[in-house]
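J.: here's my sequence, what's the structure:
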Amino acid sequence: MKSDLPLVDFELDGVAVKAVEGDTILEAARRAGVEIPRLCHQDGYRPDGNCRACVVEIAGERVLAPSCCRAVTPGMQVRARSERALKSQRMVVELLLADMPDAGYKWTDGAQPPAERRGELPPAPAAAAEPAGVGQHGELSEWAARLQVSARPQLKALRRRQPAPDLSHPAMAVNLDACIQCQRCVRACREEQVNDVIGYARRGAQSVIVFDLGDAMGDSTCVACGECVQACPTGALMPKTLVGSQRVDREVASVCPFCGVGCLITYKVRDRKIVAVDGRDGPANHGRLCVKGRFGFDYAHHPHRLTTPLIRKDGVAKDTDVQRDPARWGDVFREASWDEALALAAGRLVDLRDRRGPKSLAGFGSAKGTNEEAYLFQKLVRTGFRSNNVDHCTRLCHASSVAALLEGVGSGAVSNQVNDIEHSDLILVIGSNPTSNHPVAATWMKNAARQGTRIVLADPRATELSRHAWRTLQFKADGDVALVNAMIHTIIEEGLANEAFIAARASNYAALRESVARFSPEAMAPVCGIAAPAIREVARAFATAGSAMILWGMGVSQHVHGTDNVRALIALCTVAGQIGKPGSGLHPLRGQNNVQGASDAGLIPMMFPNYQRVDDREAHAWFEQFWGARLDERPGYTVVEIMDKALAPDSDPHKVRGMYIMGENPAMSDPDLNHAREALAALEHLVVQDIFMTETAWLADVVLPATAWPEKSGTVTNTDRMLQLGRQAIDPPGDARPDLWLIQEMARRLGLTWNYPGPDCGVAAVYEEMRQAQHAAIGGISWERLQREGSVTFPCLTEEDPGQPIVFIDRFPTPDGRVTLVPTGLVPANERPDADFPFVLITGRQLEHWHTGSMTRRSAVLDAIEPVATASLCGADIEALGLEPGQRVRVRSRRGEVELYLRRDDGTAPGTVFIPFAYVEAAANLLTNAALDPFGKIPEFKYCAVAISG
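T.: Now for the predicted structure:
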């Protein structure tokens, strides 16, 4: 009970009790140790009061009151256990049971079930001794024991007509004969996730739960977040993996392995396999999940898993045909022992280093693994390869964001967490499709919109979030700087700039003001495609809002002017004074589950851990002493630069000849894939460490079978700066080994003398060393604290520090404590449409698929929902081209071509086409342009010219 809140005195079952003002009777009773029956109530959801299982007797009132939605008042006398209340509660349960099937679904154990195991309904008297019960661990709660009833035959004879099961959805089964119409699923869908699919139709005895307009679940607009399944108390909605048996051997708390939101989850394990996933009440998700987090777990058990070390067969040359059957790896590789594979993997790297020099080697780490793996991998490259040629996928997603943020505000991390938008008056979502790429983060946006927060969606595509937006600015692809600078111009010109904030906390404002003077909305309207009045309206709203936040994605960063895009956003926030307070600030939404943590750990070529530049003399000296090794003082090559260097002539002293790739798939993720695949094939020696025979692995000399996320323990860092602990749930298959073990074994064979004692390959010892290297950020987060708390926000400098969810409150971590404003100009895309290639290609992710598809396309549910590659065009363009939705089309660029199916999407602007990049059979990156942002060295994935034909 919070001591700073007003208290209310009332009486509960004859005992004087204190409640917090505003508490419901149910909440106050639970706090006092008195459990009241409940069925329609779900913690965290709006109380509904429709099942009447929680009724209590209140002195002086004629009728019983639902305790879940009745607030406590001073002097109230409540009897929760009176005979009258108990009789009513038993009657409610019996009436519900009369309509239920004789054997409920939730607790069926695969054998002949005892009658009426009924989920959260109390068990029948005959089943009271059964271990299933209704408690989380099988024990009966006090109220469940008191409410054991069986429906009388007379009531069962009046049972409603039982609806047929609906098994149309790949992930979920609908058994409405077990539905008690508590409407938890309605609130889950409409109020928590705000997907508006599930409704309550008809009246009286004919009332029923429906999907959309009475569609089958599989035919509805359901996005398979599974919130309804987690909310359902009876099994009327349930995962198909648990139909028939809900028995689990154990539950393991962990973190979702997909996007950067960092949802906490619980793995349910039976017979050494994951059979289901539930959301936990974590700080980033509060129990919510998306389709990937809830149903995308079975990739770990896919038959394509690598289970033994592989070595390329003698005489089998490398080629760029990576679209092969992963089950037929024996055509190219032979099995090997661990000693042979590791000796060959490391031995040839050592030979190249010693003969050709340190710059001849490079390493790609992974943002899909743990912080500890990322830290050790970059340390191996820097101390074992003896160069800084190490990078990972941040180079392909938010490198330009990090470059601009470090330059402008002194930190590459977010200023405020996603759910802080509940304190925002306005949020600008630009270059991001959160409902597909960060679905749980999108729920906080939709929740905020329902409470009055104005959403401005600025994007070349009108995505699902536009349905909840106050204004949608569908600007021309490549028009980011023009739009944002026009907003800054408006704020300054109309006297809306926060002059006091600028004077106290910003540098270079005069240069910015002079630069944006030529960016009037009227001048920029034809450039960005947004009418001047609309630009001015949104700019005024942003500047005058009590608090406003900017959230962006790779639609901002993946341009040759990506760094300039983010510089403009920093300037927009600054001139309006919208940073350093609740509900305001800058938030680049991170794409992969640990792209923030991998960057923090130093898995980038120009930075040591904690973003200390490798060419900074003081930082360089510190790490040389810390690691006890001589270190290269020159920044290394980035992802695309490494590929270029792999194809450099032999005369180039810095030609890259050998690589070690852990968990990355550049043969699918890099731009201009023909070029990238040729580069990988040209390497003299390539070691790939992964869980599947990825497209990159086909080009390897040695393949090391590693562990999937549920098979390891370690930390990850989400987009909100939350350091979170994942725990091992299952064992790896066959002879696959933990990534930490593999890195340490490679290091030993490279001549490094590391020692990380302890269980799980010394993960705790690695973490504690990493904590020293990142002391300015995570110094107060010990391994013991993480085990105890599971999630801690940084910066966190002491054990007593709860962490800082909002930063830059008083100063910026720049040398002078001020934000540096950087003027930006119009830099056109590297490649423009013309008569031969008249369309602009935009690439991205889908809701169901993630990264290069190596994991999600091996999930049965995810692949069933979205099985084929598509190209999305608006209806007008489809008609103009003489095409039909659903037909096969060919998309060509100056670098390659793909064939895929046509999808109509009127949110895609005329003249543009959207293609997801997760499909090897139609790899979008065969088309994309490798032109780089000069600052972030990020490729221009979001803009290239293509042609479309039938």
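J.: would you list the phi and psi of the closest residue to Asp701 other than its chain neighbours?
T.: Setting aside the residues directly before and after it, Asp701 is nearest to Arg312 in space (CB to CB, 6 or more residues apart in numbering), at 5.0 Å. Glycine gets a C-beta too; all of them are placed from N, C-alpha and C. Per-residue torsions, Arg312: phi -60, psi 140 (degrees, to the nearest 10).
J.: leaving out sequence neighbours, find the closest residue to Glu799.
T.: Among residues not flanking Glu799 along the chain, Gly780 sits closest, at 5.4 Å (CB to CB, 6+ apart).
J.: for that neighbour, give its distance to Arg161.
T.: Look at Gly780 and Arg161: by CB to CB, to the nearest Å, they are 61 Å apart.
J.: between the two, who's got more neighbours?
T.: Higher neighbour count among Gly780 and Arg161: Gly780, with 19 against 8, using other CB atoms under 10 Å.
J.: show me what contacts that one?
T.: Contacts of Gly780 were listed using CB atoms under 8 Å, 6 or more residues apart in numbering, and they are Cys796, Leu797, Thr798, Glu799, Glu800, Asp801.
J.: could you report the pLDDT at the third one?
T.: What that stands for is Thr798. Thr798 is assigned 94 on the pLDDT scale.
J.: for the nearest residue to it once chain neighbours are set aside, helix, strand, or coil?
T.: Distance criterion CB to CB, 6+ apart; nearest residue to Thr798, sequence neighbours excluded, is Gly780 at 4.3 Å. Secondary structure state of Gly780, per DSSP: H, G, I helix; E, B strand; the rest coil, is coil.
J.: quick revisit: can you say which of the contacts of Gly780 are buried?
T.: Buried by 16 or more other CB atoms under 10 Å: Cys796, Leu797, out of the contacts of Gly780.
J.: so of the contacts of Gly780, which ones are in helices?
T.: Residues from the contacts of Gly780 lying in helices, with DSSP state H as the criterion: none.
J.: let me know the closest of the contacts of Gly780 to Asp298.
T.: Closest approach to Asp298 among the contacts of Gly780 (CB to CB): Cys796, at 35.5 Å.
J.: now for that closest one: which residues touch it?
T.: Ala777, Ile778, Gly779, Gly780, Ile781, Pro802, Gly803, Gln804.
J.: if we use 6 Å, what do you get?
T.: The neighbourhood of Cys796, defined by CB atoms under 6 Å, 6 or more residues apart in numbering, consists of Gly780, Ile781, Gly803.
J.: now Ala506
T.: Ala506 makes contacts with Thr574, Arg818, Val819, Leu821, as judged by CB under 6 Å, 6+ apart.
J.: turn those residues into CSV, including secondary structure, distance to Gly907 and neighbour count.
T.: Converted to CSV, the contacts of Ala506 look like this (DSSP: H, G, I helix; E, B strand; the rest coil; distance: CB to CB, whole Å; neighbours: other CB atoms under 10 Å):
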residue, secondary structure, distance to Gly907, neighbour count
Thr574, helix, 31, 29
Arg818, coil, 40, 20
Val819, strand, 34, 27
Leu821, coil, 34, 24
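J.: let me have the contacts of Cys796 in CSV, extended by pLDDT and distance to Gln89.
T.: Shown next, in CSV, are these (pLDDT from 0 to 100; distance: CB to CB, whole Å):
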residue, pLDDT, distance to Gln89
Gly780, 97, 48
Ile781, 97, 46
Gly803, 95, 43
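J.: residues near Ile604, how many?
T.: For Ile604, using other CB under 10 Å, the count is 30.
J.: quick one: it from Gly384, how far?
T.: On the measure of CB to CB, Ile604 and Gly384 end up 17 Å apart.
J.: next one: Arg161
T.: For Arg161 relative to Gly384 (CB to CB), the value is 71 Å.
J.: His775 now?
T.: With CB to CB as the criterion, His775 and Gly384 are 24 Å apart.
J.: before we move on, back to that, from the contacts of Cys796, pick the one nearest Asp480.
T.: The closest of the contacts of Cys796, once distances to Asp480 are taken by CB to CB, is Gly803, at 32.3 Å.
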